[in-house]
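Undergrad: Got a sequence here, can you build the structure:
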Amino acid sequence: MLMAWLDGISPRKKKTDFREIDDTKITRIEYALNTRPRKRLGWKTPLEVFSKELNLINSRININISMPSVAVAG
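TA: I've put the predicted structure just below:
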């Protein structure tokens with residue numbers, strides 16, 4: 001049913017019990033959705049847009065991932 005939705009076919013079933021879907025299948029669907037180009041995003045994928053925005057934010061606040069912050073108790 002979910003794969004039909006990914007192909008652009010509206011499923012007839014309105015409710016899906018996600019507890020019945022294994023994590024591997026959810027991960028595959030998530031990947032398919034996030035790597036599918038969208039007209040609304042200028043034919044970029046949501047993953048591309050998110051990654052670009054995340055990099056811009058990180059560069060603006062100058063995050064240095066290699067320097068961990070450690071609290072020292074005295």
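Undergrad: drop to CA atoms for contacts and neighbour counts, all remaining ones
TA: OK.
Undergrad: Would you mark the buried spots in the lengthiest helix in the chain?
TA: Scanning the chain for the helix with the most residues, using DSSP state H, yields helix 46-61. Within helix 46-61, the residues scored as buried using 16 or more other C-alpha atoms under 10 Å are residue 46.
Undergrad: Same check on stretch 32-39?
TA: 34, 37.
Undergrad: Where do the helices of this structure begin and end?
TA: Going by DSSP H, the chain shows helices at 2-6, 23-34, 46-61.
Undergrad: Now render those as a markdown table, adding mean pLDDT and distance to residue 15.
TA: Supplementary listing: the helices of the chain in a markdown table, determined by pLDDT from 0 to 100; distance: least, C-alpha to C-alpha, whole Å:
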| stretch | mean pLDDT | distance to residue 15 |
| --- | --- | --- |
| helix 2-6 | 56 | 11 |
| helix 23-34 | 92 | 16 |
| helix 46-61 | 90 | 25 |
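Undergrad: With distance to residue 16 as added columns, please give those in TSV.
TA: Below are the helices of the chain laid out as TSV (distance: least, C-alpha to C-alpha, whole Å):
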stretch	distance to residue 16
helix 2-6	9
helix 23-34	12
helix 46-61	24
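Undergrad: of those helices, which approaches residue 40 most closely?
TA: Among those, helix 46-61 comes nearest to residue 40, with 9.9 Å by C-alpha to C-alpha.
Undergrad: okay, the angle between the closest one and helix 23-34?
TA: On the basis of axes from the mean of the first three to the mean of the last three C-alpha atoms, to 10 degrees, helix 46-61 is oriented at 80 degrees to helix 23-34.
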